[in-house]
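Trainee: Provided below are the primary sequence and the corresponding predicted coordinates.
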Amino acid sequence: MSVVLSTAELSAADRRARWHEAVSQTFVPLDVNILEEDPSPGRIVTYRLGATQVSDVRAGSQEVTRSKRLIARDGKEYLILTLQRRGSAVKEQDGRESLIEPGDFSVSDSSRAFRKKVEGEFCFTSFQFPRKELRVRDEDLHASTARAFSGRDGSGALVAAYFARMAREAAGFDDFVGRQFLATGLDLLAVFINERRGRFRPQAPETAAAMMVRVKDHIVQNLADPDLSPTAIAAAHFISVRYLHKLFQSEGTTVGEWIRAERLERCRRDLLRSPALGLGVATVARRWGFVSPSHFSRVFRAAYGIAPRDWQSHGLSGERRTAE
């Protein structure tokens, strides 16, 4: 269930105090200095995923500070991953100052002093979680705070996209599913930090889980390529083919079986629409990486118990009966 805190219905004079209260209530205690003479309306929407809080924040120019005095008051050790969506922020922590622009993400540590300043209207999404949930060394975490990480390319793009998608879907997760998705996200973040610090460890559990997310994402993006193979996939991720096979074996499947299942599911879906699009069965099969029509027909029948052409007709008939 979401919780919404908003100052939109308040007078400009009352917004300042209410916003300070809302920010500290949502996150850890913070000093909030609104930089507008007439404070803009602010809005915070929060969800819970186990011990993690997901927040969407929109407001106007302000500066927030986490001082030693406030740290001593509560002693909470949380990490905050922030996806900057609109507006730019200047963050300071651990002797660094960075400009965080839209499309970037950053990490803050509530156990040490930090400052964040935003000028103009802004919007960001944050994940606040206990420090112990992120499996990285303290020295590597300290080297990663208050830095602007690009979410537009490289491994940073995968981290940003995963957390952004999770935030969009968070309200619909039950507690168990939410915890599982979040654990994978934190594994991705740990691998990202370890990679940047030169500590990539293929056998570490968090590395394996995060690598699996990256590999599957790569496969889905390249299903149409008939040359997609374990060798090509391993090379794209700088891992051995043997390690790639071990990743899928841990889930009780093989690389080839997983690729085939993903391709078949997309073919199954597209076959229902193919007559309206003027596409034949062979065209749909090639669209998703199947080179041989006869091979496609065999594996489709084995998977679904029906020939592709019969599924095409049956599906359309079923839709007509439903419409009637």
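Mentor: Received it, and whenever you're ready, just let me know what you need.
Trainee: List phi and psi for Ile233.
Mentor: For Ile233, the backbone dihedrals are phi -70, psi -50 (criterion: degrees, to the nearest 10).
Trainee: where does the chain have its least confident helix or strand?
Mentor: helix 308-323 (a mean of 62; mean pLDDT, DSSP states H and E).
Trainee: what kind of secondary structure is the closest residue to Arg115 other than its chain neighbours in?
Mentor: Excluding the flanking residues, the one nearest Arg115 by C-beta to C-beta, 6 or more residues apart in numbering is Glu92, at 4.4 Å. C-beta: built from backbone N, CA, C; applies to glycine. Look at Glu92: counting by DSSP: H, G, I helix; E, B strand; the rest coil, its state is strand.
Trainee: and Glu92, how many residues sit next to it?
Mentor: 17 (other C-beta atoms under 10 Å).
Trainee: what's the spacing between it and Lys117?
Mentor: Relative to Lys117, Glu92 is positioned 8 Å away (C-beta to C-beta, to the nearest Å).
Trainee: With only the CA atoms kept, save stretch 72-86 in PDB.
Mentor: Only the C-alpha atoms of stretch 72-86 are listed here, as PDB (Å, rounded to 0.1, in the frame of the first residue of the first chain):
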ATOM      1  CA  ALA A  72      24.100  10.800  16.700                       C
ATOM      2  CA  ARG A  73      20.400  11.200  17.400                       C
ATOM      3  CA  ASP A  74      19.200   8.100  15.600                       C
ATOM      4  CA  GLY A  75      22.300   6.100  14.600                       C
ATOM      5  CA  LYS A  76      20.500   4.600  11.600                       C
ATOM      6  CA  GLU A  77      22.600   2.900   9.000                       C
ATOM      7  CA  TYR A  78      20.700   3.100   5.700                       C
ATOM      8  CA  LEU A  79      21.900   3.500   2.100                       C
ATOM      9  CA  ILE A  80      19.900   5.500  -0.300                       C
ATOM     10  CA  LEU A  81      20.000   4.800  -4.100                       C
ATOM     11  CA  THR A  82      18.600   7.700  -6.000                       C
ATOM     12  CA  LEU A  83      17.500   7.800  -9.600                       C
ATOM     13  CA  GLN A  84      17.500  11.400 -10.800                       C
ATOM     14  CA  ARG A  85      14.500  11.900 -13.200                       C
ATOM     15  CA  ARG A  86      14.100  15.600 -13.500                       C
END
